[in-house]
Each structure stands twice: as C-alpha cells, then as structure tokens.
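Trainee: 3D, please:
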Amino acid sequence: MTSIKFTRHVTIIIVISFWLLIPGYNQEKSPTFNYQYFVSFIRENYGLFPYKNVDWDSLGRHYAQYVGEETDPDSLFRVLSLLAENLKDKHIWLDNDRFAYNHSLGRVVPVNRMDSIFRTRESHKNLDLIRSKYLKNICDSSGINDCLYGMAGPGIGYLSISRFDQDVRKVNSTMQHIMDHFRDCRALIIDIRNNRGGTDSSALTMANFLVLSDTCYQIARIRKNKDNEDYSAPRIWSTSRKSRPFIGQVIVLINRYTISAAESFSLALKTQPHIRFAGEHSAGALSDAEDGYLPNGWHFTYSTGAWTDCNGNIYEEKGIQPDIRPGGNPGECQNSDPWIDFSLNMLSMPLPPSSVREDP
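Mentor: Below is the predicted model of the structure:
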C-alpha cells in the first residue's frame with residue numbers, strides 16, 4: 001500500500017437505529033450497520049466533497065439497496081468499493097484479510113495478489129538497472145527516505161527518493177550529506193517516480209536544498225466537522241532557501257505512481273525556474289489521509305482535507321503535469337530507461353549565456 005500522511009484523529013457519532021435493539025442482533029457483524037457506518041463516516045469526515053461532483057447521500061441510498069442482513073462479506077466489500085469508486089480518490093483504501101480496493105487498482109483485488117501488482121509498478125523505475133547502467137555501481141544509499149545517489153554522467157548527479165520519512169532532523173542531515181556529494185555537479189536528475197509519499201515536512205526539508213527563493217507553494221486545509229464547507233484555518237507552506245543552494249539545472253522525473261507528499265515536494269519545486277519536470281502526470285492525491293475501521297474490523301483510509309497550490313489550484317485526480325513528456329515507456333524497456341536517457345541528453349546540452357546563473 002502506498003505510504004500515507006497522517007493527521008489528528010477524527011471521531012464520528014453514529015446514531016443507533018431501531019433495528020439494533022432486535023434480540024440476538026450483532027451490530028459489529030451486521031452488513032447493513034457496517035454499510036451505514038461507512039456512508040456516515042465518509043459523509044462527516046471526508047475532506048474533498050466541495051471539489052467532487054458527487055451527491056454522497058444519493059449514492060449512499062442507491063448502493064444501500066444491494067445490502068441486507070443476508071449479504072455475505074465478499075459482496076458487502078464489493079458494494080462498499082463500488083460506492084467509494086465514485087470519489088476517484090487514491091487516498092481511499094479499503095482492505096480486509098481477503099481483499100483490497102483502491103482507485104489506482106480500479107477494482108477489488110485479492111490481498112495475495114497485491115505483491116505482484118506492486119512488483120509490476122517497480123518496472124516503471126528499475127533501480128537495479130539504474131544502479132548498474134547509469135551509476136556504474138558506484139553509488140551510495142540511505143535508509144532515510146530510501147535514497148539512492150551517484151553520478152549519472154560528467155557533472156550530472158542522480159538522486160532517487162522513494163519516500164519521505166517523518167524525522168525531519170535526520171532527513172535534513174541526510175540531504176546535506178547528499179548535496180555535499182553533488183557540490184561539484186552542474187546539473188541534477190531528481191527521480192521521484194514511484195515515490196510512495198510520507199510527510200510534507202520531510203518533503204519540504206529536501207526541497208529547500210534545491211530552491212533559489214522563499215516561495216509559497218501549498219495551502220492545506222483540514223475539514224473540521226459535518227459542514228462540508230467548514231475547514232481549519234489554512235496552513236501556508238513556503239520554501240526556505242538555504243545559504244548555499246544548488247544553482248545548476250535540475251530535472252525532476254515523475255510518473256503516475258508519484259503520490260501524496262511526493263506531489264507536495266513537486267509543488268515546492270514547480271515554483272523554481274531552474275527546475276523542469278519530465279515524465280507523465282502524477283497520481284493526483286495530495287491531501288493528508290487517515291485510518292478508519294468499520295465495526296467489523298475492516299480497515300479503510302480517507303482524505304482529510306484539501307491541498308492546493310498558492311493560487312488555489314487543486315490537483316486531486318488530475319495530478320501534477322510535467323513540463324516535458326519524453327518518448328518511450330520505462331515499464332517496457334529492460335535494458336535502458338528512456339526518461340533518464342532523455343534527461344541526460346537535455347542536461348548535456350550547453351546552456352545559452354543568459355541561462356548561466358551566478359551563485360546568489
């Protein structure tokens with residue numbers, strides 16, 4: 001499962017229906033009770049309704065006709081998944097010991113197939129190939145943020161970031177060490193394809209080593225209560241330029257599996273004119289997400305609020321768009337990565353005199 005960002009716990013009040021008083025009734029196992037619990041919980045806590053063209057109550061009533069006290073667990077799981085699919089939200093997961101659902105999967109999937117699905121996604125960014133072909137097996141790695149880094153060409157550094165950890169102090173120390181490694185580089189490739197997300201604070205800590213200005217890039221609002229329009233005071237996120245930032249060209253690689261905090265990281269770097277993005281659109285799931293549990297023990301996650309850029313643009317569903325779309329599909333190439341090849345070719349071209357930047 002894609003790693004997610006956690007926020008404060010949200011509670012819900014469930015009104016107990018009259019049928020809970022029936023002798024022998026077990027509400028924890030009841031299909032109708034669990035269905036109504038999910039509908040009510042999402043109605044009262046989901047943070048993106050103002051940006052979704054859905055009538056949740058109407059959908060809840062529609063799918064309720066397929067749930068009764070005789071509904072078996074597998075059928076209930078499928079009905080809940082069909083209901084959730086209307087939100088088209090990759091931060092909504094539903095899983096139990098047999099099945100998993102997420103919009104990125106597009107269907108209900110047996111849990112025992114999840115490993116093979118994620119292995120297929122790994123083909124879109126083959127780290128073994130990158131390590132051997134492009135870094136010549138001369139590279140370093142860090143468990144903090146799952147980083148892999150080395151020289152991909154003369155004067156061109158390569159940094160892969162697979163997630164964004166919570167410990168900002170360790171992230172800052174790790175990124176400082178990596179940037180010291182790249183101190184003589186004239187260009188960088190930052191590869192956040194398949195990045196599973198993490199925390200925005202970690203993403204910002206890394207982004208600050210790459211930016212040349214202090215710039216607002218993100219506004220986050222958390223839904224507060226049952227009123228769909230009632231959000232917390234906005235939290236403004238801004239970059240903070242380091243005293244000696246990296247001043248060369250930067251290409252950031254993104255793909256459809258770049259999600260959550262990795263998209264916040266992208267928004268931070270999108271504000272910088274010396275940084276270009278290549279690849280395909282990102283996942284389109286920037287909000288924080290939080291865990292929930294149905295009375296029967298099934299686990300789910302949901303988006304808690306709305307994340308926009310500082311102009312009010314929201315990127316849910318559509319994702320962040322690249323500046324350049326290289327040809328080729330890394331997932332179909334076994335002996336090369338066409339997007340890294342493209343980036344190396346671009347960064348190997350001499351800059352016109354007007355594009356050469358002096359150290360601020």
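Trainee: How far away from the center of its chain is the helix or strand hosting D341?
Mentor: Counting by DSSP states H and E, the element that carries D341 is helix 338-348. On the basis of C-alpha atoms, centre = their mean, to the nearest Å, helix 338-348 sits 25 Å off its chain's mean C-alpha point.
Trainee: which residues are contacting that helix?
Mentor: 130, 134, 152-153, 156, 158, 187, 189, 191, 193, 249, 251, 253, 278-279, 324, 326-330 (C-beta atoms under 8 Å, 6 or more residues apart in numbering). In short, each C-beta sits where N, CA and C put it, glycine included.
Trainee: how near is L59 to F99?
Mentor: 21 Å (C-beta to C-beta, to the nearest Å).
Trainee: Between these two, tell me which one has more neighbours.
Mentor: Taking neighbours as other C-beta atoms under 10 Å, L59 and F99 compare with F99 leading, 21 against 17.
Trainee: I figured the more buried one was touching M114, is that so?
Mentor: No. Under the criterion of C-beta atoms under 8 Å, F99 makes no contact with M114, lying 9.8 Å away.
Trainee: N112: what secondary structure?
Mentor: Secondary structure, DSSP: H, G, I helix; E, B strand; the rest coil: N112 is helix.
Trainee: Same question for V211.
Mentor: Per three-state DSSP, V211 ends up coil.
Trainee: That one: how many residues sit nearby?
Mentor: Count around V211 with other C-beta under 10 Å applied: 24.
Trainee: ok, now R78?
Mentor: The local packing of R78 (other C-beta under 10 Å) involves 16 other residues.
Trainee: cool, and N137?
Mentor: 8.
Trainee: That one falls within a strand, correct?
Mentor: No. With three-state DSSP as the criterion, N137 is assigned coil and is not in a strand.
Trainee: I figured it hits R131, correct?
Mentor: Yes. With contact defined as C-beta under 8 Å, N137 counts as touching R131 (6.2 Å).
Trainee: quick one: Y217 from T258, how far?
Mentor: 16 Å.
Trainee: Look at those two and report which has more neighbours.
Mentor: T258 (31 against 22).
Trainee: And the pLDDT for the residue lying closest to that one once chain neighbours are set aside?
Mentor: Among residues not flanking T258 along the chain, S282 sits closest, at 4.2 Å (C-beta to C-beta, 6 or more residues apart in numbering). pLDDT for S282: 98.
Trainee: three-state assignment of S282?
Mentor: coil.
Trainee: Now do the strands for the stretch 251-360 of the chain: every range, in order, please.
Mentor: For the stretch 251-360 of the chain, the strands defined by DSSP state E, counting those that start in this stretch cover 275-279, 289-293, 299-303, 305-308.
Trainee: For A64, which of those is the nearest?
Mentor: Closest to A64 of these is strand 299-303 (C-beta to C-beta; 17.6 Å).
Trainee: starting at the chain centroid, how far to the helix or strand harbouring R221?
Mentor: Counting by DSSP H and E, the element that carries R221 is strand 216-222. Relative to its chain's centre, strand 216-222 lies at 15 Å (C-alpha atoms, centre = their mean).
Trainee: Equivalent analysis for stretch 283-294, please.
Mentor: That offset, for stretch 283-294, works out to 9 Å (C-alpha atoms, centre = their mean).
Trainee: ok, now stretch 297-315?
Mentor: 10 Å.
Trainee: and if you look at stretch 292-303?
Mentor: Worked out by C-alpha atoms, centre = their mean, stretch 292-303 lies 20 Å from the chain centre.
Trainee: now do stretch 73-90
Mentor: 20 Å.
Trainee: Give me the contacts around it.
Mentor: Stretch 73-90 is contacted by residues 2, 31, 34-35, 38-39, 42, 46, 48, 52, 54, 59-60, 63, 66-67, 71, 92, 94, 96, 98-99, 101-104, 107-108, 259, 283-285, 296, 298, 302-303, 316-317 when judged by C-beta under 8 Å, 6+ apart.
Trainee: From the residues you listed, list just the buried residues.
Mentor: 2, 31, 34-35, 38-39, 42, 46, 48, 52, 59-60, 63, 67, 71, 92, 94, 96, 99, 101-104, 108, 259, 283-285, 296, 298, 302-303, 316-317 (16 or more other C-beta atoms under 10 Å).
Trainee: Could you list which of these belong to helices?
Mentor: Residues of the buried ones among the contacts of stretch 73-90 located in helices (DSSP state H): P31, N34, Y35, F38, V39, I42, L59, G60, Y63.
Trainee: just those now: which is nearest L267?
Mentor: Of these, the one sitting nearest to L267 (C-beta to C-beta) turns out to be I42, at 26.1 Å.
Trainee: wait, isn't the closest one in contact with W56?
Mentor: Yes. Using C-beta under 8 Å, I42 is in contact with W56, at 6.8 Å.
Trainee: In the record's domain split, what are the boundaries for this structure?
Mentor: Here the domain assignment for the chain is 18-118, 123-284+319-350, based on automatic domain parsing.
Trainee: Would you point to the one among these that's packed deepest?
Mentor: Mean neighbour count (mean count of other C-beta atoms under 10 Å) peaks for domain 123-284+319-350 among those, with a mean of 19.
Trainee: how big is the angle separating the helix holding D341 from strand 275-279?
Mentor: Per axes from the mean of the first three to the mean of the last three C-alpha atoms, to 10 degrees, the angle that helix 338-348 makes with strand 275-279 is 150 degrees.
Trainee: Using CSV, list the CA coordinates for helix 338-348.
Mentor: Taking Å, rounded to 0.1, in the frame of the first residue of the first chain, the C-alpha atoms of helix 338-348 are listed here in CSV:
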residue,chain,number,x,y,z
PRO,A,338,14.3,6.2,-21.8
TRP,A,339,13.4,9.0,-19.4
ILE,A,340,16.9,9.0,-17.8
ASP,A,341,18.4,8.9,-21.3
PHE,A,342,16.3,11.9,-22.3
SER,A,343,17.3,13.8,-19.1
LEU,A,344,21.0,13.1,-19.7
ASN,A,345,20.8,14.3,-23.2
MET,A,346,19.0,17.5,-22.2
LEU,A,347,21.4,18.3,-19.4
SER,A,348,24.4,17.6,-21.6
